[in-house]
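Undergrad: Got a predicted model here, sequence first, then my questions.
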Amino acid sequence: MADAERKLNNGKSRIDFQTEPSKYRHWKLNVDGDVATLLMDVDEKGTLFEGYELKLNSYDLGVDIELADAIERLRFEHPQAKVILLRSGKPRVFCAGANIRMLAGASHAHKVNFCKFTNETRNGIEDASEASGLFTICVINGTAAGGGYELALAADHIMLIDDGSSAVSLPELPLLAVLPGTGGLTRVTDKRKVRRDRADVFCTTEEGIKGKRAVDWRLVDEVVPASKLEEAVGKRAREFAAKSRRPAGTKGIALKPLARERSADGVEYGTVSVELRGHSKSARAGHSPEPGSSARARLATITLRGPQAAPPTSAEAMVEQGAEFWPLKLARELDDAILEIRANEFDVAAIVFKSSGDPAQVLAYDQFLDANKDHWLAREISGLWKRVLKRVDLTSRSLVALVEPGSCFAGTLAELVFASDRSYMLAPSLPSPASGGGLGRGRDNKPPATLALAAVNFGAYPMSNGLSRLASRFLADPTDLERAQAVRGEMLDAEAAERLGLVTFALDDIDWEDEIRVFLEERASFSADGLTGLEANLRFGGPETMESKIFARLTAWQNWIFQRPNAVGEEGALKRYGTGQKPAFDTRRV
């Protein structure tokens, strides 16, 4: 991983977010009827980076990558599962949280990406409950500290063994001089609704809270004697399973490994291409340089390819296609591409979204999913798109969409235009781009650039603030949203899209190349830190939700605190933890 102090284990050069159960080193997944058990049994030696051990079920990003994969597989491969039992495979400890040695030796960029991904994984657990009826019961035996308790907080129901020693705690402040980084503070107050004064006591008490007080303070839902634990767990599982709408006896689909072909210039998937500028294929092949193709431009261009065939004729045919069903395949590949850039391409300043294909076919797939919205697989695919688009929203890169001739930004794919910080659209009556990729212009026979809206753009994929991207866009005047709703299904040209406020600029062929080049070069010249703060503030206008609070506080507080000497300085708490030396703090309040 770029700029990390430690090397990746096993000679790896990149963090890979693809895995599957046979490769798990830290989790054991078992499905028995409508109850799935996720057993956390972390391999101490199975670290992502060199230089530490994962003792006491502590975790690093590699552990969470497996957890996220397991949750997705339960949603798609085991639709009959209605309850997840989240348990520990180690005696007298549930989870000691994020590994402190890992955090102490990690680059700031890795700390931030670690916290962001673990936040998204825990939000995914909650989404599985809300959107799919896949409920989670967390069974705590022993210590659930820091990130271990934060993992429990994502569950629908928390059970704690009443043995006189098992406890929950968020000891990051007293022990490490940082804050719970995966939503712990926000979930304690907003989800568990713990009183503020009690939360203050809880978050400054190293040993945590146990027994009846943990229930009285709403930190857990029940405490159970060890002798009655399995009986109580079985009873709770049956209660939650009875509330689930997931289909009984239904066979799922296999989430096959993604086909990826890497090169020095990017990654090629089945429906997605990622090109890293500064290593342009077209420049090597002798073509004219593209705007932003210098190393200074620091661009990643993600091109999404529309479907090659019409939607299937039935939900059964969709299930038969499985992971090759176009909306599912595209969502998984886009998700992997975004994570790849986040974790491995820190120098990328901007992500450029492009598309190619027939927009009418994209709309047809949206209509198919809507017509089958009560089918479990259609529901899960729509849910996956919601989560992937949220991942895009939360990616700390400048986002720009280019709507060109031959593009298929319609319905679901149009969400990427609305998620972008800037969007540019080429006027349709003027010469279209030269074929062969890039931002340069020329003449060919591609259809004019269009943008099309569908029902999904008005609430199917809410942002972290609970609003659709269009509703967030038109906070000033609801009539703007009504005007957009009135043109659903129409193929809008650049002039209409700009008039409706759906794109930032509509440009003619004369200005296209220069305007985009200047924008991208300017973006690459700004402070990366300043841009991250700017974009994170501007993307989430409107109301607050628990989810938006979690990510806002991660950006505004955790990132700042993780750079302060009190935490990461040579005499800071993270550096001195476990050495027997007390940290030396700068006591000034700022």
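TA: On my side now, so go ahead. Every value quoted in this text rests on a predicted model; they were computed, and no experiment measured them.

Undergrad: List the buried residues for stretch 220-233?
TA: Along stretch 220-233, these residues count as buried under the neighbour rule (16 or more other CB atoms under 10 Å): 220-221, 223-224, 229, 232-233. The C-beta positions use only the backbone N, C-alpha and C, and glycine is treated the same way.

Undergrad: got the contact list for it?
TA: Residues outside stretch 220-233 that contact it (CB atoms under 8 Å, 6 or more residues apart in numbering): 85, 137, 139-141, 152, 157-163, 168, 211-212, 214-215.

Undergrad: helix/strand/coil for the residue most central in space within the chain?
TA: Geometric centre of the chain, nearest residue: residue 391, 3.6 Å, by CA atoms, centre = their mean. The three-state label given to residue 391 by DSSP: H, G, I helix; E, B strand; the rest coil is helix.

Undergrad: quick one on the thing from earlier: out of the contacts of stretch 220-233, which are inside helices?
TA: 152, 211-212, 214-215 (DSSP state H).

Undergrad: on that earlier part again, show me how to select, in PyMOL, the buried members of the contacts of stretch 220-233.
TA: In PyMOL, a selection of the buried entries from the contacts of stretch 220-233 looks like this (16+ other CB under 10 Å):
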select buried, resi 85+137+139+140+141+152+157+158+159+160+161+162+163+168+211+214+215
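
Undergrad: following the helix or strand of the chain with the lowest mean pLDDT, which helix or strand shows up next?
TA: Every helix and strand of the chain was ranked by mean pLDDT, DSSP states H and E. The lowest is helix 281-284, at a mean of 34. Later in the chain than helix 281-284, the nearest helix or strand by DSSP states H and E is strand 299-305.

Undergrad: what's the next secondary structure element after that following strand?
TA: As assigned by DSSP H and E, the chain's next helix or strand after strand 299-305 is helix 315-321.

Undergrad: who does that next one touch, helix- and strand-wise?
TA: helix 376-393 (3 or more CB pairs under 8 Å, 6 or more residues apart in numbering; DSSP states H and E).

Undergrad: Next, the buried residues of the helix it packs on.
TA: For helix 376-393, the neighbour count (16+ other CB under 10 Å) marks 376-393 as buried.

Undergrad: give me the low-pLDDT residue ranges for the stretch 151-300 of the chain?
TA: Across the stretch 151-300 of the chain, the ranges flagged by pLDDT under 70 are 278-297.

Undergrad: residue boundaries of the strands in it?
TA: Assigned by DSSP state E, counting those that start in this stretch, the stretch 151-300 of the chain shows strands spanning 157-161, 167-169, 209-210, 222-224, 261-263, 266-268, 272-276, 299-305.

Undergrad: Just the CA coordinates for the helix or strand in which residue 530 is found, please, in CSV.
TA: Assessed by DSSP H and E, residue 530 sits inside helix 528-538. C-alpha atoms of helix 528-538 as CSV (Å, rounded to 0.1, in the frame of the first residue of the first chain):
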residue,chain,number,x,y,z
ALA,A,528,-5.7,17.2,-1.0
ASP,A,529,-6.7,17.8,2.6
GLY,A,530,-8.6,21.0,1.7
LEU,A,531,-10.5,19.2,-1.1
THR,A,532,-11.5,16.3,1.2
GLY,A,533,-13.0,18.7,3.7
LEU,A,534,-14.7,20.8,1.0
GLU,A,535,-16.3,17.8,-0.8
ALA,A,536,-17.3,16.1,2.4
ASN,A,537,-19.1,19.2,3.5
LEU,A,538,-20.8,20.0,0.2
